[in-house]
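**Q** I'll drop the sequence and a predicted model, then ask my questions.
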Amino acid sequence: IQYKSMPSLSIIEGQSLKQYSDNVFDKSKVCQNQNDNILFKANGEAPFIIVYDVLYPNGNVQTEMEQINNDNFSLELAATESGIYKYTIKETFDSIYTDNVVSYLKRSSGYNFKKLEIRHEVAALPEARFLNNKAKIQTCVSNLDNLSQLDPIQIQVDGALPVSLKVDIYHEADGSLEVIDFENIQTNQVDLLSVYENLGLGTHVLTFNQVIDANGCVSDEGILQEQSLTIQVNDIPKIRHLVEGSNQLVDLRFSEFSNYYCVGDQISYILNGIPPFSIDYEFNSVAQHVTVQGNYFKRRAPGPGVLNIKSLSDSSARECRVDYAELKREDLKAYIYDLPSVEIVQGDSVEEDIHEGEQVDITFLLTGTPPFKLTYIRRELDDTSKIVETEVVEDIMSNEYHIMANLEGTYEAIEIQDKFCIARNEKI
């Protein structure tokens, strides 16, 4: 009597398998979610039934049974999670040696199927994530060239080192997308400070485009899209003079003296940026510091001298500060001149009872910076509320001005103007 051979299963040669013994194999490592399989050759009479166990990385065991109608069997390997998988081929039945027959043979003759074991490692996909506590970084455009003033852009990469990384930068200002490559990253934590070199004013959104680790495993933007970091690059705060009501001469506002003020004027600056602002300034070389909650910085000129803006910072970003001392911004200085004054030698006014044919010398003493412009009036002696004469004298280069009066009355200076400022008798 001739007996049919028992069904068997053998691994087809040429696959990426390492054999440890007759029945134990190690399949080459693959990346998570990567399709892979093992091809077997079945010996016996088709159709075949293959029974095998799958031990998953989490410890679960699942028994599978597959029927094939020819002698080729492809075992599809799981790769949905990373870790070590173990496949054990437990039984092979064919059309002659069915499950019942083999069970009988096991009971009667001690037959046992020679199991096949395949170990298979699935490498986790590399990951990248931002470690910044905030999802948004704010900085100042003036800090972009000074790395010590910039917040770090720290990331964590998980995967077999070294790792290569692609980062997308979306520039909101023009809607452009830029891709930056970081090759051969040797540590799991890295600071991407060089990203700042590609930034300008505006909002920029960083996302991970791709991560490739030493295993050749790839995570692309579809997996990494939840990770993002926004960098807001703010303009430096700005300050400029705001010309308001002044005792300064109108025609000097648009001349070389446009930053000159007179005592009593309100010196005003308009601020551009995000309040509150911090301003350091000097008045007559005395340092002052002030916090301004709005967009205007105003000071009443208390006396002659120079007000000089030294630095300005706003609340848009850490260290968003402009040092005007280094920039030598002369246009921010406010030169304050004292108001000119006029005095008649005998007092604020002089009363003269002049007889016909007589003349009287009246002297006006002027203080200020020549040239002067003097306006004086003459009132009637009997009715001082009545102004009978108004005289304007221009281009006075001396600090004294004399008139020879031949008409009786009360003489009074009502306005004096020097090179920079003007003073008036508001009672007139």
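**A** Alright, I've got the coordinates.

**Q** any idea of the pLDDT on the closest residue to Ser8 other than its chain neighbours?
**A** Excluding the flanking residues, the one nearest Ser8 by C-beta to C-beta, 6 or more residues apart in numbering is Asn43, at 4.6 Å. Yep, even glycine has a C-beta here, placed from its N, CA and C like the rest. Each residue has a pLDDT score; the one for Asn43 is 93.

**Q** can you pull the contacts of Thr384?
**A** The contact partners of Thr384, by C-beta atoms under 8 Å, 6 or more residues apart in numbering, come to Thr410.

**Q** So it, which state does it fall into?
**A** Counting by DSSP: H, G, I helix; E, B strand; the rest coil, the backbone at Thr384 sits in coil.

**Q** so where is the stretch 151-300 of the chain shaky, pLDDT-wise?
**A** For the stretch 151-300 of the chain, the stretches flagged by pLDDT under 70 are 225, 243-258.

**Q** what about the helices in it?
**A** Per DSSP state H, counting those that start in this stretch, the stretch 151-300 of the chain carries helices over the ranges 221-224.

**Q** Could I get the full set of strands for it?
**A** In the stretch 151-300 of the chain, the segments counted as strands under DSSP state E, counting those that start in this stretch are 154-158, 163-171, 176-185, 189-191, 202-212, 218-220, 228-234, 238-241, 260-262, 266-272, 277-283, 286-292, 296-300.

**Q** how much does the first one deviate in direction from strand 228-234?
**A** Between the axes of strand 154-158 and strand 228-234, defined by axes from the mean of the first three to the mean of the last three C-alpha atoms, to 10 degrees, the angle is 160 degrees.

**Q** Please identify the buried residues of strand 154-158?
**A** Neighbour counts using 16 or more other C-beta atoms under 10 Å place 154-155, 157-158 of strand 154-158 among the buried residues.

**Q** if we take those residues, which one ends up nearest to Thr187?
**A** For these, the residue nearest Thr187 by C-beta to C-beta is Val157; the value is 8.2 Å.

**Q** so the spatially most central residue of the chain bridges to which residues?
**A** The structure's the chain has its C-alpha centroid closest to Gln232; by C-alpha atoms, centre = their mean the separation is 2.7 Å. Following DSSP bridges, Gln232 is listed with bridge partners Gln138, Thr203.

**Q** Please apply the same query to Glu391.
**A** Per DSSP bridges, residues listed as beta-bridge partners of Glu391: Tyr376.

**Q** That one: neighbouring residues, count only.
**A** A total of 11 residues lie near Glu391 under the criterion other C-beta atoms under 10 Å.

**Q** mind listing what it touches?
**A** Going by C-beta under 8 Å, 6+ apart, Glu391 touches 375-378, 403.

**Q** again with Ala301
**A** In this structure, Ala301 makes contact with 261-267, 307, 334, 336, judged by C-beta under 8 Å, 6+ apart.

**Q** Now list the buried members of the residues you listed.
**A** Of all the contacts of Ala301 considered here, the ones buried according to neighbour count by 16+ other C-beta under 10 Å are 261-265, 267, 307, 334, 336.

**Q** ok, how many other residues are close to the closest residue to Gly200 other than its chain neighbours?
**A** When the adjacent residues along the chain are set aside, Gly200 lies closest to Val233, with 6.4 Å between them (C-beta to C-beta, 6+ apart). For Val233, the tally of surrounding residues (other C-beta under 10 Å) stands at 22.

**Q** now, of the strands of the stretch 151-300 of the chain, which is deepest in the fold?
**A** strand 260-262 (a mean of 22; mean count of other C-beta atoms under 10 Å).

**Q** Okay, now the sheet partners of that strand, with direction.
**A** Paired strands of strand 260-262, defined by DSSP bridges, are strand 334-337 (parallel).

**Q** quick one: the residue nearest to Ser8 and Lys4, what's the gap?
**A** From Asn43 across to Lys4, the span is 11 Å (C-beta to C-beta, to the nearest Å).

**Q** Compare those two (neighbour count), which wins?
**A** Neighbours were tallied for Asn43 and for Lys4 using other C-beta under 10 Å; the higher tally belongs to Asn43 (15 against 11).

**Q** State the phi and psi torsions of that one.
**A** Its backbone dihedrals place Asn43 at phi -120, psi 130, with angles given as degrees, to the nearest 10.

**Q** which residues does Leu131 contact?
**A** Leu131 touches 154-156, 189, counting by C-beta under 8 Å, 6+ apart.
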